[in-house]
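A.B. asks: Next comes the sequence, and after it the predicted model I'd like to discuss.
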Amino acid sequence: MNVEGDSVSNEPPLVQLRGLTKSFGAVRALTQVDLEVPASQVTALAGDNGAGKSVLIKTLSGLWAPDSGEILWQGHPVHLHSPKDAEHLGITTIYQDLALCDNLDIVQNMFLGHEPLRLGALDEPTMEIAARKTLADLKVTTVRSIRQPVASLSGGQRQSVAVAKAVMSKARLVIMDEPTAALGVAQTGMVLDLIKTLSDQGVTVLLVSHNLNDVFEVADRIAVLHLGRMVAVGPASSFDTQVVVDFMTTGRSTRFSGDERAADLQN
Amino acid sequence: MSIRLPSALTPEGTVTDGSGPDGEETKRSAVLEAVDRFGDYWMLGVFVIMVLVFGFLSPSHDLFTRASWLNISQYAVEFLLLAIGQTFVIITGGIDLSDGAVLGFTGMVSGVVMQSLLNAHTNVTLTTVAGFATALLLGAVIGFVNGYLITRLKLPPFIVTLGTLTAIGAGATPLINGGNEVINLPSQIGTIGQTLIGGWIYVPVLVAGLSCIFMGLVLHRTRFGLRTYAIGSNGMGARRAGIGVDNHLVRVYTISGLLAGLAGMMVMANFTDASPLAGQNDELNAIAAVVIGGASLFGGRGHMLGTVVGTFIIALLVTGLVLVGVSGSWQEVATGVIVVAAVAGDQVRLRLAER
């Protein structure tokens, strides 16, 4: 959490969206969306249901190609034709269902898809050591054993495993879709701490969330979508809850000090 | 705060104490673990009890003899070979109803091939090798076709393999050699079936045992095995982790077919002929063995040791009931009951785990 001064503004942002537009038939899901996601920061993407949050993250994770506009990665235009392309760049998306395998243990889940081998067999010692280190780096300390099946973990712990899996695959940008939606208070705190740790370690986080308490607790920057348009982007300090709610529900706010983009609201 | 068990998570400088999950959670995990552990071994207990019961009920304790062991182990060979492939298939969440039919079909085709080679005065050893190659290759091809149809046409495994079972088992196999047994086989085939190693192990039993160990290692120690579990556990998750799920499934069904081909040869060796009746309904026993061994038909669970125990429970059931003088039909009833009991036990276990 350090936004003071935006001192590294010479460096291009890790990801930059320019004029991103996406329609599904007659439905405009995204209209001329611009967004900068600076490296090593937590950018929160807020918006009401149907604002276009999931379309935006699915575009960024390579599931859907935009109709027009471009995506810049460290200043260079990239084309994401498939989730594989996004993964190669270092973009990992953690969906609400987490995509974990309940029957497998924590270590197995973390390495699934890129398991280290020794003499043709799984290199269990290497896997365990690396898994332990990654979890310790993320300050995940509440799991009893890294060999317990994921099915036996709490919601927050499952999130931790999903994040650790992303870190394991050398993710530079981790997109988290409503990570606290199904969690209680204590578990939510655990996940928010995890997000902070992640960004402290230089991983960029794009957090999609409805929960403004969460957003204000961890976000360095906030971006608000309203009916497919990016209506406000700025440092978290330039918003307060009421302002975000105003943007989310009406697309404008009278008390905003940041960069307001609600030029044209009527379609 | 509950008692914290020795944590596996205390590397350099990490403080394990602090705001952890509440006590209830730790307790739930402990229960779950106990259920899990019990679930892994209870069938072994059932097996031991069955051995004791049948052993002491049988006249003059016939079950505890070498002859009885040779009998049971030889009988178990075909089910064990089929159940190995079936274990992989069931862990992916699929089912292979065709493996018994593939056993019979590959045996017959191989028998006919060897017969014609012998008639053409081909070298006997070469003929035997050709026979094995035919059965294994044919089994693998049929398995590949099953897997291909399941993944590329997105058809349910149940339907595809049922189709294969019907087309091959009921259709093609009886057409081969006019529906008659092939008895003109190379002498080596019979030798394989009758050779005892160390007085206790028939060669087919050894073949099945080695296959079991090898495939057990593949399942529990390799990337291929791990991904087999992952696909059955969460297919979408496996796909997102970058696993080529479709190709993996094709390989799994190919393995099942290949092992059915091997089973076809082993049955041929046991009986020194190739019979169109071989393997009929074997798939049910193989599936039963895997399920009794702790695999879940919903995928993601199962293990090779369990499959071995499951196979021997079925083999013992049949042999044991004969020893204590129960008729053949009642053996089928007993198999049916034990399968349902195993699945019911599995469900109870799952429900306990979910609590």
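C.D. replies: Okay, I see it.
A.B. asks: Near chain B, which residues of the stretch 151-267 of chain A? Just list them.
C.D. replies: A:151-152, A:154, A:157, A:165, A:186, A:189 (C-beta under 8 Å from any C-beta of the partner chain). Quick note: C-beta positions are derived from backbone N, CA and C, even for glycine.
A.B. asks: Take those and keep only those in strands.
C.D. replies: Using DSSP state E, no member of these sits in strands.
A.B. asks: Among the residues you listed, the buried ones, what's the PyMOL command?
C.D. replies: To isolate the buried subset of those in PyMOL, counting by 16 or more other C-beta atoms under 10 Å in any protein chain shown, use the following:
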select buried, chain A and resi 151+152+154+157+165+189
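A.B. asks: Can I get the residues of the stretch 151-267 of chain A next to chain B in a markdown table including pLDDT?
C.D. replies: Listed next are these as a markdown table, based on pLDDT from 0 to 100:
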| residue | pLDDT |
| --- | --- |
| A:151 | 90 |
| A:152 | 88 |
| A:154 | 89 |
| A:157 | 91 |
| A:165 | 91 |
| A:186 | 88 |
| A:189 | 91 |
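A.B. asks: want to throw the residues of the stretch 151-267 of chain A next to chain B into TSV with distance to residue B:288?
C.D. replies: Shown next, in TSV, are those (distance: C-beta to C-beta, whole Å):
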residue	distance to residue B:288
A:151	26
A:152	29
A:154	36
A:157	37
A:165	36
A:186	45
A:189	49
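A.B. asks: quick check, nearest of the residues of the stretch 151-267 of chain A next to chain B to residue B:178?
C.D. replies: Closest to residue B:178 out of those is residue A:151 (54.5 Å), distances taken as C-beta to C-beta.
A.B. asks: Quick check, that closest one in contact with residue A:102.
C.D. replies: Yes - using C-beta atoms under 8 Å, residue A:151 is in contact with residue A:102, at 3.9 Å.
A.B. asks: Among the residues of the stretch 151-267 of chain A next to chain B, which ones are in helices?
C.D. replies: A:157, A:165, A:186, A:189 (DSSP state H).
A.B. asks: out of the residues you listed, what pair is the most spread apart?
C.D. replies: Spanning the widest gap among these are A:165 and A:186, at 22.4 Å by C-beta to C-beta.
A.B. asks: near chain A, which residues of the stretch 201-350 of chain B?
C.D. replies: Residues of the stretch 201-350 of chain B lying close to chain A by C-beta under 8 Å from any C-beta are B:217, B:221-223, B:226-227, B:229-230, B:232-234, B:236-238, B:240-243, B:300-301.
A.B. asks: Could I have the buried ones of those residues as PyMOL selection syntax?
C.D. replies: With 16+ other C-beta under 10 Å as the burial test, the buried ones among these are selected in PyMOL as follows:
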select buried, chain B and resi 222+223+226+227+229+230+232+233+234+237+238+240+241+243+300+301
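A.B. asks: ok, for residue A:253, nearest residue in space, not its chain neighbours?
C.D. replies: Counting by C-beta to C-beta, 6 or more residues apart in numbering or on different chains, residue A:253 lies nearest to residue A:246, which is 3.7 Å off, once chain neighbours are set aside.
A.B. asks: With residue B:282 instead?
C.D. replies: Computed as C-beta to C-beta, 6+ apart, the closest residue to residue B:282 that is not its neighbour in sequence is residue B:100, at 3.4 Å.
A.B. asks: Then residue B:197?
C.D. replies: If the residues on either side of it in the chain are set aside, residue B:197 comes closest to residue B:206, at 6.1 Å by C-beta to C-beta, 6+ apart.
A.B. asks: Break chain A down into its structural domains.
C.D. replies: A:1-39+A:48-89+A:220-267, A:90-217 (automatic domain parsing).
A.B. asks: Let me know which of those domains is tucked in deepest.
C.D. replies: Highest mean neighbour count of those: domain A:90-217, a mean of 20 (counted as mean count of other C-beta atoms under 10 Å in any protein chain shown).
A.B. asks: Could you work out the end-to-end span of it for me?
C.D. replies: By C-alpha to C-alpha, to the nearest Å, the extent of domain A:90-217 from end to end equals 25 Å.
A.B. asks: how about low-confidence regions in chain B?
C.D. replies: For chain B, applying pLDDT under 70 flags the ranges B:1-40, B:353-355.
A.B. asks: For it, which segments count as strands?
C.D. replies: For chain B, the strands defined by DSSP E occupy B:196-197, B:201-202.
A.B. asks: Contacts for stretch B:98-105 next, please.
C.D. replies: Applying C-beta atoms under 8 Å, 6 or more residues apart in numbering or on different chains, the external contacts of stretch B:98-105 come out as B:78, B:82, B:85-86, B:138-139, B:142-143, B:146, B:161-162, B:164-165, B:168-170, B:172-173, B:176, B:256-257, B:259-261, B:263-264, B:267, B:275-284, B:286.
A.B. asks: So which residue is dead centre in chain A?
C.D. replies: With distances taken as C-alpha atoms, centre = their mean, residue A:175 lies nearest the centre of chain A, 2.1 Å away.
A.B. asks: Name all residues that make contact with residue A:99.
C.D. replies: Residue A:99 neighbours (C-beta under 8 Å, 6+ apart): A:162, B:234, B:236-237, B:240-241.
A.B. asks: at 7 Å instead, please
C.D. replies: By C-beta atoms under 7 Å, 6 or more residues apart in numbering or on different chains, residue A:99 lies in contact with B:234, B:236-237, B:240.
A.B. asks: next one: residue B:110
C.D. replies: By C-beta under 7 Å, 6+ apart, the residues touching residue B:110 are B:131, B:134-135, B:264-265, B:274.
A.B. asks: If any of the residues you listed are buried, put those into a PyMOL selection.
C.D. replies: Buried residues within those, by 16+ other C-beta under 10 Å, are selected in PyMOL with:
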select buried, chain B and resi 131+134+135+264+265+274
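A.B. asks: Tell me which two in the contacts of residue B:110 are the farthest apart.
C.D. replies: Across the contacts of residue B:110, no pair lies farther apart than B:134 and B:274, at 11.1 Å, counting by C-beta to C-beta.
A.B. asks: Residue A:21 - that's part of a helix, no?
C.D. replies: No - Residue A:21: not assigned to a helix; according to DSSP: H, G, I helix; E, B strand; the rest coil it is strand.
A.B. asks: Excluding sequence neighbours, find me the nearest residue to residue B:74.
C.D. replies: Spatial nearest neighbour of residue B:74, chain neighbours left out: residue B:202 (5.4 Å); criterion: C-beta to C-beta, 6+ apart.
A.B. asks: you'd agree that neighbour is up against residue B:208?
C.D. replies: No - judged on C-beta atoms under 7 Å, residue B:202 makes no contact with residue B:208 at a distance of 9.5 Å.
A.B. asks: Between the two, which is the more surrounded one?
C.D. replies: More neighbours surround residue B:208 than the other of residue B:202 and residue B:208, with 28 against 21 (other C-beta atoms under 10 Å in any protein chain shown).
A.B. asks: Would you mind confirming that that one makes contact with residue B:79?
C.D. replies: No - taking contacts as C-beta under 7 Å, residue B:208 lies outside contact range of residue B:79: 9.0 Å.
A.B. asks: Which residues are in contact with residue A:56?
C.D. replies: Shown in contact with residue A:56 (C-beta under 7 Å, 6+ apart): A:30, A:33, A:45, A:225.
A.B. asks: so which of those comes closest to residue B:150?
C.D. replies: residue A:30 (37.3 Å).
A.B. asks: mind checking the SS state of that closest one?
C.D. replies: Of the three states, residue A:30 takes strand according to three-state DSSP.
A.B. asks: which residues pair with it across the strands?
C.D. replies: residue A:22 (DSSP bridges).
A.B. asks: do you know how far it is from chain B?
C.D. replies: Residue A:30 sits at a distance of 23 Å from chain B (criterion: C-beta to the nearest C-beta, to the nearest Å).
A.B. asks: distance of that residue from residue A:204?
C.D. replies: 21 Å (C-beta to C-beta, to the nearest Å).
A.B. asks: Kindly report the same for residue A:62.
C.D. replies: For residue A:62, the distance to residue A:204 (C-beta to C-beta) stands at 17 Å.
A.B. asks: Get me the contact residues on the stretch 1-150 of chain A for chain B.
C.D. replies: With C-beta under 7 Å from any C-beta of the partner chain as the criterion, the stretch 1-150 of chain A meets chain B at residues A:99-104, A:108, A:112-113, A:115, A:117, A:120-122, A:132-133, A:135-136, A:141-148.
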